[in-house]
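Q: Got a sequence here, can you build the structure:
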Amino acid sequence: MASSWTGDRVRLRAVEPDDWSAFKRLADEDGRPGSRLDLPRSAESFRAWAKEQAVAGSGDDRFRLAVESTATGEWVGTVATHHTSLRSGRFEFDVAIDAGHRRQGCATEALVLLLRFMFAERRYHKCLATVFAHNEASLALTRRLGFVEEGRLREHVFFAGRHHDLVLSGLLADEFGRRHPAGGP
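A: You can find the predicted model right below:
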């Protein structure tokens, strides 16, 4: 591993203004399983957003990174932290991988890199994952990473004409460290 931000398959890097088209392509994907329907956005709104992201700080450890292939340098997705609580030592994440790169281990490796940073370098104690109950791929991903289901919010989010459950799962820093030791995948 060349750096703390690079794995075998992916590298995490800052969002660049030129990434706008990749983010637009990801947002425009139709038929993503379990995704909410959002209003269409203009190319200009993505350009402006990517430009803001490129110079955004990481206040309260909230940040978004691009995920790119180590083999090709191609943009393959994004990871981010949010709902951080320095006082409680917990945070949440999101990850989105471009359709052509799913089921290749990109999301797993990107999240291991992100979690290692948040637990080892930023000293957070817990990561919380919220996943739609019908999103089997994302639920399987969190289980592979070592997350433990902690509860379910019944009919918590409305989209696609009905209410959907959210599954809450947690991963503690020591659990992550045992499952994904430093220097390992």
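
Q: In the longest helix along the chain, which residues are buried?
A: Once the chain is assigned using DSSP state H, the helix that runs over the most residues is helix 43-55. Within helix 43-55, the residues scored as buried using 16 or more other Cβ atoms under 10 Å are 46-47, 49-51, 53. Yep, even glycine has a C-beta here, placed from its N, CA and C like the rest.

Q: how close does residue 28 sit to residue 38?
A: Here the distance between residue 28 and residue 38 works out to 10 Å (Cβ to Cβ, to the nearest Å).

Q: re earlier: would you mind giving the buried residues of helix 43-55 as JSON lines with distance to residue 108 added?
A: Rendered in JSON lines, the data for the buried residues of helix 43-55 read as follows (distance: Cβ to Cβ, whole Å):
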{"residue": "46", "distance to residue 108": "27"}
{"residue": "47", "distance to residue 108": "31"}
{"residue": "49", "distance to residue 108": "27"}
{"residue": "50", "distance to residue 108": "25"}
{"residue": "51", "distance to residue 108": "30"}
{"residue": "53", "distance to residue 108": "24"}
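
Q: Single out whichever of those residues has the smallest pLDDT.
A: Within those, pLDDT reaches its minimum at residue 49, with 85.

Q: Isn't that residue up against residue 20?
A: Yes: Residue 49 sits in contact with residue 20 when judged by Cβ atoms under 8 Å, with a separation of 7.1 Å.

Q: per-residue confidence at the most centrally placed residue in the chain?
A: With distances taken as Cα atoms, centre = their mean, the chain has residue 95 as the residue nearest its mean C-alpha position (2.2 Å). Predicted confidence (pLDDT) for residue 95: 95.
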